[in-house]
Every structure is written in structure tokens, then in C-alpha cells.
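sequence first, predicted model second:
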Amino acid sequence: MSLSANQKRTVNGAGGLSSDWGFRTILCLAVFFVKPVDAQSPTNIFSPAATPAHSIFGVAMLVLGVTLFIFLVVAGLLLYALIRYRNRPGDSNREPAQIYGSNQIELSWTVIPILIVVMLFLSTTRVILETQAIPKPDNAMNVTVIGHQFWWEYRYPQLGVVTANELHIPVSDPAHPTPTYLTMSSADVSHSFWVPRLAGKMDVIPNKINTMWIDPQHPGLYLGQCAQYCGTQHAKMLLRVYAQTPADFAVWVNQQRQLAVRDFTGNVKAAEGQTVFMHNACINCHTVAGTVANGRFGPDLTHMASRDTIASGAIQNTPENLRAWIDNPNAMKPGSLMPAMHLNDHDLDLITAYLTQLR
Amino acid sequence: MRDTVAISIASTREAPWTLPYRGTVGMACLIVAESAIFVIFVVAYIFYLGKSLTGPTPAQVLELPIFGTVCLLSSSITVHLAVATLRKGMLRACTGWLASTVFLGLIFLITTAREWYHLIHDEGLTIQTNLFGTTYYSLVGLHATHVVVGLIMLSLVLGFSLFGLVKEEHSEKVETLALYWHFVDAVWVVVFTVVYVLGR
Amino acid sequence: MSTTHVVDKIDETLTPQQGRPPFNVVYEWLRTVDHKKIGLMYIAYALVFLIIGGVEATLMRIQLAIPNNHFVSPQVFNQLFTMHGTTMVFFVGMPILFGFGNYLVPLMIGARDMAFPRLNAFSFWVSAFAGLLLYFSYVGGSGLYAAGSAPDVGWFAYAPLTAKVFSPGHSTDYWTLAIFLSGIGSIGTALNIVTTIICMRCKDMKLSRMPLLVWLYLVMSSLVFVAVSPLTAAQVMLTLDRYLGSHFFDTQAGGSAVLWMHFFWIFGHPEVYVLVLPAFAFVNEIVPVFSRKAIFGYPAMVAASVGIGFISLSVWAHHMFTVGMGAAANTFFVFATMVISVPTGIKIFNWLATIWGGHVIFRTPMIFCVAFLFQFLVAGLTGIMLSVAPFDWQLGNSYFVVAHFHYVLVGAILTALFGAFYYWYPKITGRMMSETLGKWHFWLFIIGFHLTFDFMHVPGLLGMPRRIYTYEAGRGWEGWNIIVGIGVVFQAVGTLCFVCNLVHSYLKGKEAGHDPWDAWTLEWSTSSPPPDYNFAVLPTVNSRRPLWDLKHPEDPDSDYE
């Protein structure tokens, strides 16, 4: 991974890391320790894939290097003292020289830490400013993120798209950055949006608007999960961010903009399923665009069959799983706020057949 | 087994070794802790000024509680005089000043009660109404609770004093209680300023 | 001082083995206002809750050993981490440290008891009741097997999760009330400690001649006043919200969830300093004695301790770096947090300099202090990593933070506490603890500690958040969680050795005498255990180490101070 090149790149060109030589040294050390660990994990914070995560990686390496150095010096001295000055047989009949203090020594070990603190503080401040205090570029894509117990709602105001649980965004070309700006709030309790390879986490809090931005440079699926305890199913409020090439993203947007599929000629079960769905309480919690279903409490289902997972990433989106979920959500995700719908087997089959058509 | 090694080193000091009175230090600690509690309620009040989504605002419904404030602040003077007279051994004067303190404190509570009655019944402001109601009643109520506790203690001492049980040697203990009462008054100065002066 | 007159003609100084009826003993302990007995009750109480909290932790580690485990339900797990944290902070940490303070402070300043003995007893019993109330929650609600009413909102109970609408029932109220009462006990004891130190020092013990333990308890107790009170206030607000319909943290009515966080952490951060300062106190007393040297830089140690106390009041929002406070606020709290590392570092260097040039004796109290020094150093350094706000944006609320704070709580505080047990047990009981069992305890515990908490940092770096009852396979977290779990076994066995040591030594330990460690502070001048009145004649002191002056009349400390 060509980190040093990426490292210098930020949105709007707000400066890169200046102590490049020191950074490279520390990086080599870090990579030596970190590489074996990062091989398997898709959520490794030391495997950054977007600029905010890169900035953090840089300052992280710096502080790791500084603290490692401090540890080696102090622990080394401590170990030496304990060995060198251990009590030996002849020592018991006299006490060692009682030294009560030394102004010079005490001054030096006050001043040196202060200097280290100043250096760390300035490096940290720079990264804070380049992540949190930069103005939003005009070509940023805006997504509104709303946290719920226990799922994520995504609305693309300028594109007219509403979806849930799987966030699709375009990749950002470093030469012409197109970051995605997330405007976030919660509909109930506090949550936190954390996709480690893309950025640090940002809390999603009711009655408060928080913003962050991400700009993955390579297409792929980036994983994460809610990072602020929000109730029983906090553990399964997973995040899936699909970074797509501009072409793929445009195709996705177009599809998501359409109203829900309504033509089921040739698929009797789906047509009947639609009727059953629209006559059940489902419509009070869920939205299916272009039908009477316009509830906002649960995820938007207009294109739910286009998603890989249900229950906020916790369950694969297969017809069997979907049917089991609708039958009894609490069996698969205990504490989920969707009630068991108490449908008979016949209706369950029909509704499942309907929903699996909603691409 | 019960022997102890006595360390009697000849003292190198000439001045007598005196340390502060326990009651004063203990009460000072309590005052610091209670102040911290009040600070939090005051911070909440200030933070939520202007943020209520509905309902009456301070300017619309609050009036300066001048009379009650004067009574309460005067009671600080009377309690101080109670301690001063007790120190001089003037026991009956002390009883009189204690009684005045309790009386003035009671008047303050009554004015607060009347104010709350007016706010609830005429203005429709309760702790549930909006953020102003929430922070106002909790802050003023917390202060009033401390007044009640202080009055209970003062009445107890007044009772003892009426039976002639409070003497000159108890003046430090009564002063400890007076310190608490001064604290309650000082808190009122802050509450008055924040709620009735700055907040409106 | 604390005699009972339930049965005439029984010599009250007899022990039950010597014929005193057990009822008399129990009755005496229930009614006592003696600081030594109250201190021991605090300590015993805390040890019981340490075991309970440890069991809760063990259950959690079993559940997390493999992905998608079904050992406990999500509801039970969420209660476990809430109860574990609440128990360990309020019903283990605070009582055990107040217990040691209660026992040692009057002895070390040459006083006969605390300033307010009855308040002392009241504070203990209120705190004890509070712990029982918290655990009563398990049988409240629908009862034990239906997961009861134990709180499940996390030990910091963020709003609005704690609002009536998101937490119906009484589980949150058990949390609120138990901690509220515990806070009253804490403020009472802290008040007692401060007043005792200011008003009851023996003749000529100026503030500059107090043992460092006494200084640290003075700072710690002062911190309690300004730290615990905000939590008390916030809890009153929460209860008003839940029961009187107020809107302090009601986001639907314009209230602020962030306000709760501010109030909680204005308590929460100084609270961890309240917990760690006594650990410093123990190390300050033990390391010099076992290095055979005076503490290096006493004035700097005092200044650093007081400095840490003050600065700790200004760093709280480093727990809120991810909340969206804005660049300015984030930057301020980064700075304040980094600044606190300076006096903390000074303390570590002073301990190092005390050892330097000494004759280090590796008895059990000292080896625990040595472990403390290395482990506290690491804990402080991971703290510095977390103080770098952008790094915290990744590490916050992850297992890295959990590893960091357990490194401080277990690796520093509990380790120093073990050292303190071994050091003062002879004074308290008159018998030495077994060195052999002590070494077993030490090695088993330290190995377990490092297995669990060193490796716990890694899942955090790999993106594992905290407070999750299970996790997806394939994130790279599985193996690390198993290693973490194995360490628990070692720690449990080590703790068992410790408890056995406590009991066995009480019955069979070698007699200790006044001063088994050849130490220098006043508690070693009286018998072991001390008589009820502590000292036959209240002492007068001329220096920081009165017993050194007695033992070395040719070279007393008073010549150098």
C-alpha cells in the first residue's frame, strides 16, 4: 500500500504529514508488528482506505512511536535499577545513602515531558483541523444518516433515494475528489457510525446533527458497526458501505429512484403477496414507494430485494431467512423492535414471494 | 501485646500546636460538595435558557421576589448575631436572634410557595411544561429543600435554647450551623441573579 | 472506646476462641464507630463484591470466546456488563480504598480516631445498603430467571437510553438509587478524611511532614466532593425525568443527550483519579521501605499529586471526542489530557529515583509494587494514545479503551492494593502473610492479567466495539478473545491463592510484632494489631520519618528537611 503518497492527499489539499522521514521509520516498525494482524480483518484501523482514516493512521504511528520510545527508556531504566540495586547479602547491616531529591534532575524530567507534550499536541491539532474544520466542497455527495434502534436509514436528498442498512457511495478519485458527506442524527437513542477502514467514528445523537465525510479510493465493501451502546441489539446494528465506481453507482441510483415493482404478471404468489402485505400492519411501519405503505418506523422496503442482508447486516437476504424473520424477528435478533406478525404459513409464503421481487 | 512504643521527642516548637475546629472544616467540606451540586443545576438552567420548544418564558411569568430575598438575607444577619451573643454569654439574646432567623426563613419559604402556586395555577407552568419549567422548579426547589433542612436544624437549636440547654461553650457548634445557613443564603444570591435577573 | 455491656463479667478484650460469645462480637462490630473496625468492614465488603464482579466478568468472557455464541442472552449480557462496571467502581473500588484510608490515616497522623466517628459508621452502612440494593435488582421485576430488573444501560447510563420510554420498568432506577446512596456514603467518608487530616494531626506534624499516603488521601477526598456531587445532581435530574416528567435529557422536548454525558464525565473522570490516587499512596509508602531509602523528591510528589487532582477536573470531555463537540473543544481537551501526563510522569520518575541507589528487597509487597510500576507506565502510555483525539476517533468505545482502563484498574490499582494487603496485614492482624502463597498469588495473577489485558488491545485495533454480546465471524477477533478468556482462569486461581493466604495467615501466620518491615511511619510504632486507642501517648514528630529519626539518632531526617 503506497501510504506516503495517499498520506499527503486530503480533500481540498489541506497539507500532509511534514515529518516524512520520521514517519517512514515509525511506519516500518509499525508494519512489522501490525502486518501479521491485519491480514484477515476487514475492520482493521491500520488498513486505511479513505483520507480520514489515512490521516488518523499517520498521527497514530507518530504517537505509537513516541510512546514506544518512552516505554523502552523508562522500563529499561526501571529494570536496570531493580537488578543493579537489588539487596545483596552484605547490605543488610547498613542503610544506603538517603537521597532526598535533586533540583536539576527533577527539572529536566519536567521539562522534557513538557516538550514531548507540546510536540504531540501540535501534531494532533493539525489532524483535528484537517478532518473536522475544513469547508465542504461543492461536488460532495450528501447523505442523511438516521440511526434507529437497531438499523440505519440512508436518505440521499439531492438524488431522491431512500434506503436502509447498506450505504452505497461513489469512490473518490484522488485527482478530482468526490467525497461523500454524511449528515447524521438519531431517531431515538445515541448510536455511533464506525467503519474503521474509512474514518474514525462519529456519534449519532438525537436532537443533534453531526457531520463527517469519507472518500474511499477503491471500490469494495467496507464493514463496521454501531459503536455506542444503544440497547439490546446494539451488537447487531452492522454497517455495510459499498464503494462503487461512478458508473456502477449511477446504475444503482437509477434503480433505487424507481417506484416499487408493481407488475407481477406471471407471478401469482407475488401479486397475492402484495395484497396481503398492503392489508396488514406492515404498512404502518414500512414504506414501499408508490403504494399505500408509508410507515417510517422501520426500514424502507422499496428495493429490499436488492440488498445483500436484512436486519441491518445481521442476516443474509435469502427467501428462507426472510420468511423466518417476518415470522418471528425476536428468534433471530432478540430485542429487535419488529414484532412477530403472527401470520399463518400461507400468508408468510405470499409475503415472502412479494418482498423477494422488490429489487 | 498491648504495649506501645511511646514517641516523646522534645518539641522543637515554642508556639502551641493548634489545629482548626473540626466542625468548621467538616461544614466547609459539606459546603464544597453541595456547591458542586448546585453548580450543576445552575449550569443546566443556563444551558437551557431560550431552548424551550413551547410554553411560557421566564420574562413572561417571573417577577422579582424582592420581599422573600430581603427576609432570607436578613436571616443571615440574625443568625450571625445569634452566634455573637452566644459567644458573649447573652443566652436570652441568642434565643431571640435564633427565633428571628427561623421566622425570616419561614417567611421566605411562604413567599416561594405563593410564587409557585401562582405559576402553577395561573400561568400553567409545571416541571413538565417545558425546559424552563424543568430547570426552574428543580433549581429553586433544590434550594428550598436546603432551606427546609436548615430551618429544621435551627428550630432544634432554638428548642434547646428555649429550655436553657444552649450555653456559651456550644458557640462553636452553633457557628457551624450558622455557616450552613450562610451558604444557603449565598446560593440564593446566585439563584436570584441567574434566574430572576440574567435569565429574564 | 468501643465497649459493649451486653453480658457482664465478660472481659471485652477476649476473642471468641478465648471464650467471648460470638453474639457479643457481632454486636460490637455492628455498633462500632472505631475507624479500624469500620475500615476492615469496608475492605471485607469490597472483597465479596470483587468476587461477584469477577464472576460477572467471567460469564461475559465465556459468551465472547466464540462468535455468535449462545451462552447468555443479549439481555443478560447487557445486564452483566452494566452490573460488572457499576459493582467494580462503586462497590469494590470506593469501599476498599476508603477502607484502607479509614484504617491507616488516623494511625499515620498519630490520632486516636477519625474526626466524626458516628458519621464514619453511617457512611459505611449507607454504602453497604446501596450495594445490596443494587443486587436486589436481580430478584426484582419478573425475578431471577426472567433476568430480573438488574440495570442494563451500561455503567454510565447514557441518556436518552435511560428515559422511561427506552428503559421501562425499574432497572434504571435501581442503578440510580444504589449509586446515589453510595455517593452519600462517599461524600461522608471523604468529609471525615479531610477533617481528620486538617484537624487531628499529632503535635508538630505540619502538612509538610505528613506521610505521602496522607497527602494523597487528602487530595483524593477533596476530589470526591467536586466529583461525586455532579453525578448526584445528574441522577436527581434523571429521576425527575423518569418520574415527574421533566425534560432534562428528553431529546423530544429539546433536551440534550450530550448534557448527561458532560455531567457524567465531570464525575467520571475525576472518579478514576479518586481510584488511582490511593494506589499511588500505597506505592509511596511501600517502595521507599523496600528500597531502604527515603522517597525521592517529596515536595515534587506533593505538588504533582495536588496538580493531578486539579488538572483531572478539566479533562473530562476526552471521553466525548466522538460526540461532535467541534474542533475547538476537542483541541482543548486534548491539551488538558496531555498536560496531566507531566505530573504523572514526574511521579513515575520519582519512584524510579527512589529505587536507584537503594537496597531493593523483593518481598511480596514490593514485587506487587514493581508490577504496578511497569503496568501503570503502560496504562499511562495507552492513555496518551487515547488523548490524541483523532486516534481516539478510531479507538474510542472499542476494546482498546476497555483494555486501557482495565490496565489502570487491575494492573495498577488492584496490583497496588494487593501490595498494600501484604504490607499492612501484619499491622492489622499481628501476623505475617505467607511469602510462598504470596509468590504463587503474584505469578498466577500477573500471568493471567497480561494474557487477558495485553491481548485485549488487539481486537480494539481491529475494529471491535465494546458492549456487544456477540460478534460476526471473519472480523479477525476470534482468537484474541479466546486468549483473553484463558487469562481469566489464571487470575481467578491467583485470587483464590490470595484469599487462602488471608485466611490461613490469620490462623497460622508467624507473629509480626510492632514493625516487621523496619519501616518509618507512625503506624509501626504501636502494637500489631493496635489497641482501640491507637497510641498510649500521642506522639510528637520532628520530620517526615519519625521512626527513622528514632532508629538513626546520629542522622535524623530532621537535619535535612
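Happy to help now that I have it.

rest of the way, CA atoms for contacts and neighbours
Noted.

where in chain A is pLDDT low?
Judged by pLDDT under 70, chain A has its weakly predicted residues at A:1-39.

do that again at 50, thanks
By pLDDT under 50, the low-scoring segments of chain A are A:1-28, A:31-32, A:35-38.

strands of that one, start to end?
Along chain A, the stretches classed as strands by DSSP state E are A:141-148, A:151-156, A:161-164, A:166-170, A:180-186, A:191-193, A:202-204, A:210-214, A:220-225, A:238-244, A:309-310, A:315-316.

so which of these is the most packed in?
strand A:202-204 (a mean of 28; mean count of other CA atoms under 10 Å in any protein chain shown).

which other residues reach it?
With contact meaning CA atoms under 8 Å, 6 or more residues apart in numbering or on different chains, strand A:202-204 is reached by A:146-147, A:184-186, A:190-194, A:210-212, A:227-228, C:322-324, C:393.

so which of those residues reach chain B?
With CA under 8 Å from any CA of the partner chain as the criterion, these include none near chain B.

nearest to residue C:455, of the strands of chain A?
Comparing the strands of chain A by their distance to residue C:455 (CA to CA), the top pick is strand A:220-225, with 21.1 Å.

report the closest residue of the stretch 251-359 of chain A relative to chain C.
Nearest residue of the stretch 251-359 of chain A to chain C, counting by CA to the nearest CA: residue A:334, 7.2 Å away.

counting neighbours, what do you get for that residue?
Other residues lying near residue A:334 total 15 when counted by other CA atoms under 10 Å in any protein chain shown.

pretty sure it sits against residue A:233.
Yes: applying CA atoms under 8 Å as the test, residue A:334 and residue A:233 come out as touching, 7.1 Å apart.

overlap in contacts, the two.
Counting by CA under 8 Å, 6+ apart, the common neighbours of residue A:334 and residue A:233 are residue C:74.

if we can go back for a sec, can I get the strands of chain A in TSV with distance to residue C:228?
Below are the strands of chain A laid out as TSV (distance: least, CA to CA, whole Å):
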stretch	distance to residue C:228
strand A:141-148	32
strand A:151-156	36
strand A:161-164	42
strand A:166-170	43
strand A:180-186	30
strand A:191-193	27
strand A:202-204	26
strand A:210-214	30
strand A:220-225	33
strand A:238-244	36
strand A:309-310	44
strand A:315-316	44
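
so which of the ones you listed gets nearest residue C:159?
Each of these has some distance to residue C:159 by CA to CA; the shortest is strand A:191-193, at 11.2 Å.

what comes into contact with the closest one?
Strand A:191-193 is contacted from outside by A:147-148, A:201-205, A:224-230, A:239, using CA under 8 Å, 6+ apart.

farthest-separated two in those?
Spatial extent of the contacts of strand A:191-193 (CA to CA) is set by the pair A:205 and A:224 at 17.9 Å.

wait, residue C:115 sits on residue C:195?
Yes: counting by CA under 8 Å, residue C:115 touches residue C:195, with 6.1 Å between them.

what do those two both touch?
Between them, residue C:115 and residue C:195 share the contacting residues residue B:22, judged by CA under 8 Å, 6+ apart.

stretch C:367-377 near chain A at all?
Yes: Stretch C:367-377 comes into contact with chain A (CA under 8 Å from any CA), by way of C:374, C:377.

how far off centre is that stretch?
The chain centre lies 16 Å from the centre of stretch C:367-377; the measure is CA atoms, centre = their mean, to the nearest Å.

tell me how far residue C:313 lies from residue C:48.
Distance from residue C:313 to residue C:48, counting by CA to CA, to the nearest Å: 31 Å.

okay, these two: which has more neighbours?
With neighbours defined as other CA under 10 Å, residue C:313 and residue C:48 compare such that residue C:313 has more, 20 against 13.

can you pull the contacts of the more buried one?
Shown in contact with residue C:313 (CA under 8 Å, 6+ apart): C:266, C:269, C:270.

helix, strand or coil: sort out it for me.
Put simply, residue C:313 is helix when judged by DSSP: H, G, I helix; E, B strand; the rest coil.

residues touching residue 351, list them.
Since no chain was named, I'll use chain A. A:270, A:272, A:273, A:274, A:276, A:277.

that's the wrong chain, I wanted chain C
For residue C:351, the contacting residues are C:284, C:287, C:295, C:296, by CA under 8 Å, 6+ apart.

can I get those in a markdown table including distance to chain A?
Listed next are those as a markdown table, based on distance: CA to the nearest CA, whole Å:
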| residue | distance to chain A |
| --- | --- |
| C:284 | 14 |
| C:287 | 11 |
| C:295 | 7 |
| C:296 | 5 |
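
tell me where chain B has helices.
Secondary structure of chain B (DSSP state H): helices located at B:22-48, B:58-61, B:66-87, B:91-117, B:131-162, B:171-191.

and the fifth one with chain C, contact?
This means helix B:131-162. Yes: if you take CA under 8 Å from any CA as the test, helix B:131-162 does meet chain C, through B:131, B:134, B:135.

how many other residues sit next to residue C:483?
Residue C:483 has 18 neighbouring residues, counting by other CA under 10 Å.

now do residue A:345
Residues near residue A:345, counting by other CA under 10 Å, number 11.

got the residues of the stretch 1-150 of chain C near chain A?
Contacts of the stretch 1-150 of chain C with chain A, taken as CA under 8 Å from any CA, map to C:74, C:75, C:78.

where neighbours are concerned, which of those has the most?
residue C:78 (26 neighbours).

chain neighbours aside, what residue packs nearest to that residue?
residue C:152 (5.1 Å; CA to CA, 6 or more residues apart in numbering or on different chains).

my guess is the one you found contacts residue C:171. True?
Yes: the pair residue C:152 / residue C:171 is scored as a contact, 7.1 Å apart, by CA under 8 Å.

just name the shakiest helix or strand of chain B by mean pLDDT.
Lowest on mean pLDDT, DSSP states H and E among the helices and strands of chain B sits helix B:58-61, with a mean of 93.

in that one, which residues are buried?
Going by neighbour count (16 or more other CA atoms under 10 Å in any protein chain shown), the buried part of helix B:58-61 is residue B:58.

distance from that helix to the middle of the chain?
Averaging C-alpha positions (CA atoms, centre = their mean) puts helix B:58-61 26 Å from its chain's average.

just the C-alpha atoms of it, please, in PDB.
Extracted C-alpha coordinates of helix B:58-61, given in PDB (Å, rounded to 0.1, in the frame of the first residue of the first chain):
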ATOM      1  CA  PRO B  58     -39.100  33.500  32.200                       C
ATOM      2  CA  ALA B  59     -39.800  37.000  31.100                       C
ATOM      3  CA  GLN B  60     -43.500  36.300  30.800                       C
ATOM      4  CA  VAL B  61     -44.100  34.800  34.200                       C
END
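
picking up where we left off before, can you redo the contacts of residue C:313 as JSON lines with neighbour count?
Shown next, in JSON lines, are the contacts of residue C:313 (neighbours: other CA atoms under 10 Å in any protein chain shown):
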{"residue": "C:266", "neighbour count": "25"}
{"residue": "C:269", "neighbour count": "19"}
{"residue": "C:270", "neighbour count": "26"}
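
nearest to chain B among the contacts of strand A:191-193?
When the contacts of strand A:191-193 are compared against chain B (criterion: CA to the nearest CA), the nearest one is residue A:205, at 17.3 Å.

with adjacent residues omitted, what lies nearest to the closest one?
Excluding the flanking residues, the one nearest residue A:205 by CA to CA, 6+ apart is residue A:190, at 4.5 Å.

so how many other residues sit close to the closest residue to residue A:340 other than its chain neighbours?
In this structure, residue A:340 finds its nearest non-sequential neighbour in residue A:328, 4.6 Å apart by CA to CA, 6+ apart. Applying other CA under 10 Å, we find 18 residues neighbouring residue A:328.

residue A:328 against residue A:343, yeah?
No: the criterion here is CA under 8 Å, and residue A:328 misses it with residue A:343 at 9.7 Å.

longest helix in chain A, please.
helix A:51-84.
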